[in-house]
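S.K.: build me a model from this:
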Amino acid sequence: MSRAPRQPEPSAAIRRRGFLLVLSSPSGAGKTTITHRLVERDPNLSLSVSVTTRPARPGETDGADYGFIDQARFDAMIEAGELLEHATVFGHAYGTPRRPVDEAIAAGRDIVTDIDWQGTQQLCESLPSDLVTVFILPPDMAALEARLRARAQDSAATVAARMAKSAEEMSHWSEYHYVVVNRDLDTSVAEVEAIVTTERLRRTRQIGLADFVNRLRSG
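M.R.: Residues are numbered from 1 along each chain as shown. Model prediction:
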């Protein structure tokens, strides 16, 4: 009596360590818009919610866009080691809470944040193996200024200050793993999505790969 061939067992997902994706750019170059597009389109990517001492802008929600806190609470978080990075930008403090990032990475989930070069430098020290960095450049300075004015969130003086600071910010592009020129939003989002896919396939992140290969070899 012949026996039916043994059906292969369904292969389990290969266990993977997550990573923190950082997008940086001068104000108005598109890092925040691209970040939110990525989260909307990728259910396996979640947003790291930074804390800040600046007031909420129109349309921003506490706990979703930022955690809006006072300076005393911010200082206490620094003292307790609760922030992976922190920086002061245009008179307001910003920081990345440590616990939700650590938990996501350990569970194999990916998390994204948009912060400036100062914060990214600190993350390179605190998360050297779990960090993927992307710098977003504008196509030209005229486009950058037009985007800042179109936001209608800042005064003319603030726009001028942001434009003056942009050259210094862009000088840090070479410190990043990837650089994207944001000529077209949809194209830029697709390019960053390709980066995410590539980093998910990186051998060193697939910590269950050795077990998977051993099962393949054993039949």
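
S.K.: surely R149 is in contact with R162?
M.R.: No - R149 is beyond contact range of R162, at 10.4 Å (criterion: CB atoms under 8 Å). Quick note: C-beta positions are derived from backbone N, CA and C, even for glycine.

S.K.: quick one, which of these two is more surrounded?
M.R.: Using other CB atoms under 10 Å as the criterion, R149 and R162 rank with R162 on top: 19 against 14.

S.K.: how about the more buried one, phi and psi?
M.R.: As for R162, its main-chain torsions (degrees, to the nearest 10) stand at phi -70, psi -40.

S.K.: distance check, it against S188.
M.R.: According to CB to CB, to the nearest Å, R162 and S188 sit 20 Å apart.

S.K.: first to last residue in stretch 111-120, what's the distance?
M.R.: Stretch 111-120 has an end-to-end distance of 14 Å (criterion: CA to CA, to the nearest Å).

S.K.: now do that stretch, average pLDDT.
M.R.: Here stretch 111-120 scores 92 as its mean pLDDT.

S.K.: then stretch 189-204?
M.R.: Throughout stretch 189-204, pLDDT has a mean value of 97.

S.K.: residues in contact with that stretch: which ones?
M.R.: For stretch 189-204, contacts defined as CB atoms under 8 Å, 6 or more residues apart in numbering pick out 16, 19, 21, 23, 34, 37-38, 41-42, 45, 110, 129, 132, 134, 178, 180, 205, 209.

S.K.: which positions in that stretch come out as buried?
M.R.: Neighbour-count burial for stretch 189-204 flags V189, E191, V192, E193, I195, V196, E199, R200 (criterion: 16 or more other CB atoms under 10 Å).

S.K.: can I get it as PDB, trimmed to CA atoms?
M.R.: C-alpha atoms of stretch 189-204 as PDB (Å, rounded to 0.1, in the frame of the first residue of the first chain):
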ATOM      1  CA  VAL A 189       7.600  57.900   0.000                       C
ATOM      2  CA  ALA A 190       8.200  55.000  -2.300                       C
ATOM      3  CA  GLU A 191      12.000  55.500  -2.000                       C
ATOM      4  CA  VAL A 192      11.800  55.400   1.700                       C
ATOM      5  CA  GLU A 193       9.500  52.300   1.600                       C
ATOM      6  CA  ALA A 194      12.200  50.600  -0.500                       C
ATOM      7  CA  ILE A 195      14.800  51.500   2.200                       C
ATOM      8  CA  VAL A 196      12.500  49.900   4.900                       C
ATOM      9  CA  THR A 197      12.100  46.700   2.800                       C
ATOM     10  CA  THR A 198      15.900  46.500   2.300                       C
ATOM     11  CA  GLU A 199      16.600  46.900   6.000                       C
ATOM     12  CA  ARG A 200      14.000  44.300   7.000                       C
ATOM     13  CA  LEU A 201      15.900  41.800   4.800                       C
ATOM     14  CA  ARG A 202      19.300  42.600   6.400                       C
ATOM     15  CA  ARG A 203      20.900  39.400   7.500                       C
ATOM     16  CA  THR A 204      21.900  40.700  10.900                       C
END
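
S.K.: about what we covered before: sitting in strands, which of the contacts of stretch 189-204 do you find?
M.R.: L21, L23, L45, D110, V132, V134, Y178, V180 (DSSP state E).

S.K.: which of the residues you listed sit farthest apart?
M.R.: D110 and V180 (17.5 Å; CB to CB).

S.K.: packing partners for the lowest-mean-pLDDT helix or strand in the chain?
M.R.: Within the chain, no helix or strand scores below helix 141-151, which has a mean of 77 by mean pLDDT, DSSP states H and E. Here helix 141-151 touches helix 156-170, going by 3 or more CB pairs under 8 Å, 6 or more residues apart in numbering; DSSP states H and E.
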